[in-house]
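In: Quick one, what's the 3D model for this:
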Amino acid sequence: MKPNGLEIFNAYLERQDDKLKPGLVALRELILSIVPDAEESFSYQVHCFKHIYMLVGIGVTKESCSLYTMSPPLIKKMKEELKGYKASGATIHFKPDDHLPVNLIAKIVLNRIQENEALALGRGKKK
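Out: You can find the predicted model right below:
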């Protein structure tokens with residue numbers, strides 16, 4: 001039987017440093033509140049959320065939590081809003097005690113939904 005999203009996440013969470021766990025849990029809950037039907041998986045050491053295509057991912061480094069936007073153009077577009085956060089490529093890193101603002105995460109996820117839906121429309125793929 002295929003594990004569900006929570007089982008996949010909990011297995012990932014068990015392997016993480018205790019100081020990083022609350023940030024990961026909060027990110028997962030927020031993402032699922034925005035996209036409740038997102039399919040969850042684990043890929044390339046990252047807990048991923050899929051809406052048509054890969055939407056965003058969450059993970060950790062030794063000292064920080066990471067939000068993988070999977071869209072370098074989105075990071076460039078939001079450059080001003082991301083000042084003060086460490087962003088590289090399509091990833092935003094932040095300290096566990098300095099969470100990303102909820103409205104910023106929501107904006108990223110909603111933009112990614114739009115990007116995926118536009119891509120699917122262009123490819124003739126149904127949601």
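In: What are the buried residues along stretch 10-30?
Out: If you call a residue buried by 16 or more other CB atoms under 10 Å, then stretch 10-30 has these buried ones: 12-13, 20, 23-24, 26-28, 30. C-betas here are computed from N, CA, C, even on glycine.
In: Looking at those residues, which are in strands?
Out: Judged by DSSP state E, the buried residues of stretch 10-30 include no members of strands.
In: With distance to residue 51 and pLDDT added, can I get those residues in a markdown table?
Out: Shown next, in a markdown table, are these (distance: CB to CB, whole Å; pLDDT from 0 to 100):
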| residue | distance to residue 51 | pLDDT |
| --- | --- | --- |
| 12 | 19 | 90 |
| 13 | 22 | 91 |
| 20 | 25 | 91 |
| 23 | 22 | 89 |
| 24 | 19 | 92 |
| 26 | 20 | 92 |
| 27 | 16 | 93 |
| 28 | 15 | 95 |
| 30 | 15 | 96 |
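In: Same question for stretch 105-125: list its buried residues.
Out: Across stretch 105-125, burial judged by 16+ other CB under 10 Å covers 105, 108-109, 111-113, 115-116.
In: Return the list of helices and strands in contact with the top helix by length along the chain.
Out: For the chain, the helix that runs over the most residues, judged by DSSP state H, is helix 102-123. When contacts are defined as 3 or more CB pairs under 8 Å, 6 or more residues apart in numbering; DSSP states H and E, helix 102-123 packs onto helix 21-34, strand 46-51, strand 53-60, helix 72-77.
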